[in-house]
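**Q** generate a structure from the sequence data that follows.
(2 chains)
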Number of protein chains: 2
Amino acid sequence: MLIATPQSMHFAAALPLQSGASIRAYDLSFETYGTLNADKSNAVLICHALNASHHVAGVYAGQDKSEGWWDTMIGPGKSLDTNKFFVIGVNNLGSCFGSTGPMHVNPDTGRIYGADFPVVTVEDWVDAQARLMDSLGIQTLAAVMGGSLGGMQALSWALQFPDRVRHAVVIASAPNLTAENIAFNEVARRAIVTDPDFNGGHFYADSSRPETKPKRGLRIARMIGHITYLSDDVMNEKFGRQLREAVLGSAAGYKYSTQDVEFQIESYLRYQGDKFAEYFDANTYLLITRALDYFDPARGFDGNLSLALARAKAKFLLVSFTTDWRFSPQRSRELVKALLDNRRDVSYAEIDAPHGHDAFLLDDPRYMSVISSYFDSVLKETEAPA
Amino acid sequence: MLIATPQSMHFAAALPLQSGASIRAYDLSFETYGTLNADKSNAVLICHALNASHHVAGVYAGQDKSEGWWDTMIGPGKSLDTNKFFVIGVNNLGSCFGSTGPMHVNPDTGRIYGADFPVVTVEDWVDAQARLMDSLGIQTLAAVMGGSLGGMQALSWALQFPDRVRHAVVIASAPNLTAENIAFNEVARRAIVTDPDFNGGHFYADSSRPETKPKRGLRIARMIGHITYLSDDVMNEKFGRQLREAVLGSAAGYKYSTQDVEFQIESYLRYQGDKFAEYFDANTYLLITRALDYFDPARGFDGNLSLALARAKAKFLLVSFTTDWRFSPQRSRELVKALLDNRRDVSYAEIDAPHGHDAFLLDDPRYMSVISSYFDSVLKETEAPA
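**A** Okay, here's the model as predicted:
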């Protein structure tokens, strides 16, 4: 059993942001698994997506059900083997799991940031992660890996620091969001922002007021998210039109109510929404969905993705899942094409999985074997003389 | 120019509902276009979907932009030709456009129904529509036609009153909702119900209080709806990643804001949400989405759709649209198969249209020609000696 220990690093130098603003000083929460080898060539950075954190693998001592979010993939003897690689998980700026974010005090004003936390982008996160690598004494990463928004960070690493990344593993991701993706993000944000308890983003308790967490908005945001993470097929298979009462073993007839839970799928979504609203931060939700919206490396190249990716020197593994309609295989293929246009070394696997976007977090044997084979080859390179 | 005149019919006899409740007395708003022929054999009933009404075709005298919601299809010389057919549009019970609904006074209590308006089903609507046909002296309909939820009513007519419908035209519809469809409805309902201004569904002004319309919830509901009515492709084509400011001709750079409108798609969705929240009723939204959820004619037949449709005697035209992911062609094909299992006369057209579910409301030439040819054949039957 891999026991994880959260760590924190303070950065006293201001971080300039893409928006023109900057963060004067900040902390990053992170975890590491495995051992950095003597020539520091076996480090793999894991980037997280919307609601995850630096707790990527292992468990916390004495805490049941505290597995990291990619624990199925990462650990001793697993697809990304922490007996061989030194794996780093880091919580992004603006998140709500330990790194500096909206619920912390702005050193410039002495007040909690709230909605005044500056808008951060994928590129800003990568800049902050690079500073953490500096502090850990890691010049070059064997690999950067992430799924979804995490995949965007892995891609951006290869563009922002082409000489510091040997492999970029980009899973269930895209070169940018489609209009439909932005649309879902926007509805979720409007649900949060128009919740009266959002209070303009300044809802945290302080000496002058108690907390008024916008849970209604967070619930709606999470319910929308969940629908888009699953495929239509897997939702039909898991829930179909099953009635809640029938599942509970009581009456099988309709209750004829507009507000009570009638179908199993409603019960599931309400539960997921309630759980999320307890632990997630509303300002973080706004920030992270906006970072998704803004990411678009081809934007500075008149939309030409091949030109945009010309800077990259890393080798790439891309993985997509057939039933993922949020980040469809077609979007991964756009990346593959643009990398091939630049004669980059690209491996691509399209996994036939029923689970939709969520598949990137699940333990599919074909998926795991693709990851495992790829890291075998990364390891061989690492062990070979330079 | 077809000038439409809304009419209303009062029904003094109670309508028993599927839920076991009943509505003691009620009014139905309707419109008719064209002339009922001598043997009353040319009547076509149009059933509406979520946010539409009895105002199907024509315009209101002196009112700009007052075209009925299916005016592209229905009118003099159009695909459903009102020079030949007597077309009836009817507003469903529980809707907010004139027929008895949640904003009306409950004769049993003397108070506004609000959330106490009884849950109505597709079958209840069809029963109410049948009574309207009785009042209009129409025993047999040449056709019943509807799209989406309207298509479910057309199908249900053929099942509830097999001897009163010669043709059922079921467009962009389905034999029931999938889990994903129910999920989207549920998120929309939660957004409305958890809006503090919903006030338990009793938000209408009366002698004791001013109105507190749950506009935040209605906006979110409508935004979700709009995303699911459009295809990913058409959204990319219409909006893509265009920035609002760039479209307005000012700066083309990001504003780096989580709450301001940044992308065109956001501006479009907010506009649609705002507009809808002004005119639509929150309790009606709950009722109509629930009627969608509940519709499932195979439910009484252990899920066997072929058995469920054995009652139908009508001839059928089914139409679906390739990019409709809310009511996909596959769902129409399930209906076609079940009807063919019963050796029913079925025509089916799968229209290659880019617009998603919204296509059923649009003026696609192939679509219009399918409808027009079908009604030509209906007319020939009508004119032929019995």
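**Q** CA only for contacts and neighbour counts going forward, please
**A** Will do.
**Q** for the helix of greatest length in chain A, name the packing helices and strands.
**A** The residue-count maximum for a helix in chain A (DSSP state H) belongs to helix A:365-383. Packed against helix A:365-383 by the contact rule (3 or more C-alpha pairs under 8 Å, 6 or more residues apart in numbering or on different chains; DSSP states H and E) you find strand A:80-81, strand A:346-351.
**Q** looking at those strands, which is buried most?
**A** When the helices and strands packed on helix A:365-383 are scored by mean count of other C-alpha atoms under 10 Å in any protein chain shown, the highest mean neighbour count falls to strand A:80-81 (a mean of 22).
**Q** counting contacts, what elements does whatever helix or strand comes next after that one pack onto?
**A** Next along the chain after strand A:80-81, taking DSSP states H and E as the criterion, comes strand A:86-90. Here strand A:86-90 touches strand A:26-33, strand A:43-47, going by 3+ C-alpha pairs under 8 Å, 6+ apart.
**Q** for the ones you listed, which one sits closest to B:Val144?
**A** Nearest to B:Val144, of all the helices and strands packed on strand A:86-90, is strand A:43-47, at 55.4 Å by C-alpha to C-alpha.
**Q** can you list contacts of that closest one?
**A** Residues outside strand A:43-47 that contact it (C-alpha atoms under 8 Å, 6 or more residues apart in numbering or on different chains): A:36, A:56, A:85-91, A:138, A:140-147, A:150-151, A:153-154.
**Q** how far does it sit from its chain's centre?
**A** 13 Å (C-alpha atoms, centre = their mean, to the nearest Å).
**Q** repeat that for stretch A:120-140.
**A** The chain centroid and the centroid of stretch A:120-140 are separated by 16 Å, computed with C-alpha atoms, centre = their mean.
**Q** list the buried residues in that stretch.
**A** A:120-130, A:132-133, A:138-140 (16 or more other C-alpha atoms under 10 Å in any protein chain shown).
**Q** would JSON lines of the helices and strands packed on helix A:365-383 with distance to B:Tyr256 and mean pLDDT be doable?
**A** Below are those laid out as JSON lines (distance: least, C-alpha to C-alpha, whole Å; pLDDT from 0 to 100):
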{"stretch": "strand A:80-81", "distance to B:Tyr256": "36", "mean pLDDT": "98"}
{"stretch": "strand A:346-351", "distance to B:Tyr256": "33", "mean pLDDT": "98"}
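**Q** buried residues, stretch A:80-94. List them.
**A** A:80-82, A:84-94.
**Q** could you tell me the end-to-end distance of it?
**A** 27 Å (C-alpha to C-alpha, to the nearest Å).
**Q** likewise for stretch A:166-184?
**A** First residue to last in stretch A:166-184 (C-alpha to C-alpha) measures 34 Å.
**Q** ok, that stretch near chain B or not?
**A** Yes: contact of stretch A:166-184 with chain B (C-alpha under 8 Å from any C-alpha of the partner chain) involves A:Leu177, A:Thr178, A:Ala179, A:Glu180, A:Ile182, A:Ala183, A:Phe184.
**Q** now render these as CSV, adding pLDDT.
**A** Formatted as CSV, the residues of stretch A:166-184 next to chain B follow (pLDDT from 0 to 100):
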residue, pLDDT
A:Leu177, 98
A:Thr178, 97
A:Ala179, 97
A:Glu180, 97
A:Ile182, 98
A:Ala183, 98
A:Phe184, 98
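**Q** which one of those is nearest to chain B?
**A** A:Ala179 (5.0 Å; C-alpha to the nearest C-alpha).
**Q** quick one: the strands in the stretch 151-300 of chain A?
**A** Per DSSP state E, counting those that start in this stretch, the stretch 151-300 of chain A carries strands over the ranges A:167-171.
**Q** up against chain B, what does it have?
**A** Selection of the stretch 151-300 of chain A residues close to chain B by C-alpha under 8 Å from any C-alpha yields A:177-180, A:182-184, A:186-187, A:189-191, A:193-195, A:216-217, A:220, A:223-224, A:227, A:232, A:235-236, A:239-241, A:254-259, A:265-266, A:269, A:286-287, A:290, A:294.
**Q** residue contacts, the spatially most central residue of chain A?
**A** In chain A, the C-alpha nearest the mean C-alpha coordinate belongs to A:Ala49, at 0.7 Å (C-alpha atoms, centre = their mean). By C-alpha under 8 Å, 6+ apart, the contact list for A:Ala49 reads A:Gly146, A:Gly147, A:Ser148, A:Leu149, A:Gly150.
**Q** just these now: which is nearest A:His167?
**A** Using C-alpha to C-alpha, A:Gly146 is the member of the contacts of A:Ala49 that lies nearest A:His167, at 11.6 Å.
**Q** could you check the angle helix A:365-383 makes with the strand or helix carrying the closest one?
**A** Using DSSP H and E, A:Gly146 sits in strand A:143-147. Between the axis of strand A:143-147 and that of helix A:365-383 there is an angle of 160 degrees, by axes from the mean of the first three to the mean of the last three C-alpha atoms, to 10 degrees.
**Q** for the stretch 101-250 of chain A, just list every one of the helices.
**A** Applying DSSP state H, counting those that start in this stretch to the stretch 101-250 of chain A gives helices spanning A:122-135, A:149-160, A:179-193, A:215-229, A:232-238, A:244-247.
**Q** confirm for me that A:Gly244 is in contact with A:Gln264.
**A** One correction, residue A:244 is Arg, not Gly. Yes: counting by C-alpha atoms under 8 Å, A:Gln264 is a contact partner of A:Arg244 at 4.7 Å.
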